[in-house]
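*Asks:* Could you work out the structure for the sequence below:
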Amino acid sequence: MSKLPVLKNNNQRKEFIKNYHAWPVWIDIKETGERYYRYNLTDKIAIVVKTSLRHILQGDLTEKLDYGVEQYYILGIKTEWEPGGTIFTEDDTRTFYECHCTISQVIDFLKEFQKKDGE
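*Replies:* Here you go, the predicted structure:
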């Protein structure tokens, strides 16, 4: 488990998430072209970014394969939406599918996580 760097604002949080290539590869499935990067925040909570292999057209009109099309997950957390904002509750019974979220939700979660971690 890595110590989360100090992220002072949402731009830094977004940059941290977008730099997922620096995180450990958790699962790499050659047959489906899926790669999952995982950053463990605690022994029960992790952020996962799933990427899929795709064809990319280059400037010289050649194609290459590269990973992209990110999907985001917060493992070990139940997310509930209320009029005042999103509520994050630890819940390690959630399935991987149920942990799917947007990058904005991951940013919000990191902000709340760091508040609790700093107390």
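
*Asks:* Any regions of the protein where pLDDT drops low?
*Replies:* For the chain, the stretches with pLDDT under 70 are 1-2, 58, 60-61, 118-119.

*Asks:* quick one: buried residues of the helix ranked longest in it?
*Replies:* Longest helix in the chain by number of residues (criterion: DSSP state H): helix 103-118. The neighbour-count check on helix 103-118 (16 or more other CB atoms under 10 Å) flags 105-110, 113-114 as buried. Every residue, glycine included, has its C-beta placed from N, CA and C.

*Asks:* Repeat that for stretch 73-84.
*Replies:* Using 16+ other CB under 10 Å as the test for burial, stretch 73-84 gives 73-77, 79.

*Asks:* Do a quick rundown of the helices in this protein.
*Replies:* 10-18, 103-118.

*Asks:* Go through the ones you listed and name the closest to residue 68.
*Replies:* Distance to residue 68, taken as CB to CB, is lowest for helix 10-18 among those, at 11.8 Å.

*Asks:* gap between that closest one and the chain center?
*Replies:* Remark: helix 10-18 is offset 11 Å from the chain centroid, using CA atoms, centre = their mean, to the nearest Å.

*Asks:* what's the angle between it and helix 103-118?
*Replies:* With axes from the mean of the first three to the mean of the last three CA atoms, to 10 degrees defining the directions, helix 10-18 sits at 110 degrees from helix 103-118.
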